[in-house]
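Colleague: Need a 3D model of the sequence below.
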Amino acid sequence: MTLTASACAPAPAPAAALNSLGFAKPPAQTRVVVAMSGGVDSSVVAAELKAEGYDVIGVTLQLYDHGAALAKKGACCAGQDIHDARRVAERMGFPHYVLDYENTFRESVIDEFADAYLAGATPVPCIRCNERVKFRDLLQTARDLDADCMATGHYIQRKAGPQRAELHMAADPARDQSYFLFSTTQEQLDFLRFPLGHLVSKAETRALAQTHGLGVADKPDSQDICFVPNGDYAAVIEKLRPGAADPGEIVDQQGNILGRHRGVIHYTIGQRRGLGIGGGDPLYVLRLEPETRRVVVGPREALSTKTIAVTEVNWLGDQPFAGEIPCLVRIRSTRPPRPAVLRPLPGRRAEVELLDPEDGVSPGQACVFYEAEGTRVLGGGWISLRRRPAA
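Modeller: Below is the predicted model of the structure:
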């Protein structure tokens, strides 16, 4: 008689079941640091994980001056929001710490925001905050606390792929934050968890907050950039960089003077309203020339772009970053992904060719890559000042 392996040797022990965060141990033995902004999303993440029995530690970053923030509703990481995060921790019974990151935030995010605007770009400081503060310094703090992972309230999904952890768009397209998280590295993704990414609506999040009796259940979502009161970018930049709002000329593509403006920082690529130029066909901001303090305007068709230069590329795909890669790209957070061909270049650069031209491609915005079919985020980069118009 021929013996099978099971007949001549003891059967292997069954693999330990994975908990909801993907670890082969009980929740009570799994430490998770939750990045708490004081809003309903991160509060629900912390409350849910604590209710499941995890060893939860809440951490809130103080990113800018308390005094200025206390009077502003809808801001994160300051004043009332720190108080709200602490109340959630007290109710659910887990430790909560506040870390002062004002200097880091100023140097890594706010200063670059101001300088980018002065250079004629349209920056996205929320991406830099995730990249340089939350997913770098705060993540290292989580490791220092011997955490197994760090969880956030972002609406994006982390899935176990055949080769490694993958980043995917959120189940709710209206809440998807993948555009703001393209710079997440593979090492960071291995350590991060996003428990809300599978929810199909914000209503589910608020219902969970009600279930746990959290006082933030009906708290409004944060609006605008946290350090920009009432969305007035120009006022913040002028305060940070005195003289930045010096007036100049509005010119057409041939350099003819059409009018005067009140400072380049008041304008963005694609802007139509507020130019102060009456009569004739509609004109749009085509580019900003901060060196000469000129705002260049022209017809809408001059905004169309088909080829985009991208720098500081972060690649999360399984295939090598080489050759021609068919994909979808998103050039603004408010626009849907569009078909494109990605051509990698040396030095973490790439050229993106859009199958159909887009209007208002702005330097300083992100260009995020997605798989051609499906929901996976392949990475992304920053749109540079070089731009080739559509033919």
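Colleague: So for Pro242, what's the pLDDT?
Modeller: pLDDT, Pro242: 82.
Colleague: For it, the count of nearby residues, please.
Modeller: 8 (other Cβ atoms under 10 Å). Quick note: C-beta positions are derived from backbone N, CA and C, even for glycine.
Colleague: Let me see the backbone angles for the residue most central in space within the chain.
Modeller: What sits nearest the mean C-alpha location of the chain, by Cα atoms, centre = their mean, is Phe180, with 1.8 Å. When read as degrees, to the nearest 10, the backbone of Phe180 gives phi -90, psi 0.
Colleague: Now for it: which residues touch it?
Modeller: Residues in contact with Phe180 (Cβ atoms under 8 Å, 6 or more residues apart in numbering) are 124, 126-127, 130, 154, 333, 366.
Colleague: what about 6 Å?
Modeller: The contact partners of Phe180, by Cβ atoms under 6 Å, 6 or more residues apart in numbering, come to 126-127.
Colleague: Offset the numbering so it begins at 716, please.
Modeller: Got it, the first residue is 716 from now on, which makes the last one we talked about Phe895.
Colleague: sec struct for Lys954, please.
Modeller: Under DSSP: H, G, I helix; E, B strand; the rest coil, Lys954 falls in the helix class.
Colleague: what residues go with each domain of the protein?
Modeller: 742-781+790-927, 961-1013, 1021-1098 (the TED database).
Colleague: Of these, which shows the lowest average pLDDT?
Modeller: When these are ranked by mean pLDDT, domain 961-1013 comes last with a mean of 89.
Colleague: Just the terminal-to-terminal distance for it.
Modeller: Domain 961-1013 has an end-to-end distance of 22 Å (criterion: Cα to Cα, to the nearest Å).
Colleague: How about stretch 968-986?
Modeller: End-to-end span of stretch 968-986 (Cα to Cα): 16 Å.
Colleague: Equivalent analysis for stretch 905-916, please.
Modeller: 26 Å.
Colleague: where along the stretch 816-965 of the chain do the helices fall?
Modeller: Taking DSSP state H, counting those that start in this stretch as the criterion, the stretch 816-965 of the chain carries its helices at 817-820, 826-833, 840-844, 854-859, 901-906, 917-926, 948-955.
Colleague: Kindly compare burial across these and name the winner.
Modeller: Comparing the helices of the stretch 816-965 of the chain by mean neighbour count (mean count of other Cβ atoms under 10 Å), helix 840-844 comes out on top with a mean of 21.
Colleague: And for stretch 770-778, what's in contact with it?
Modeller: With contact meaning Cβ under 6 Å, 6+ apart, stretch 770-778 is reached by 746-749, 751, 761, 764-765, 792, 797, 800, 804, 809-816, 820.
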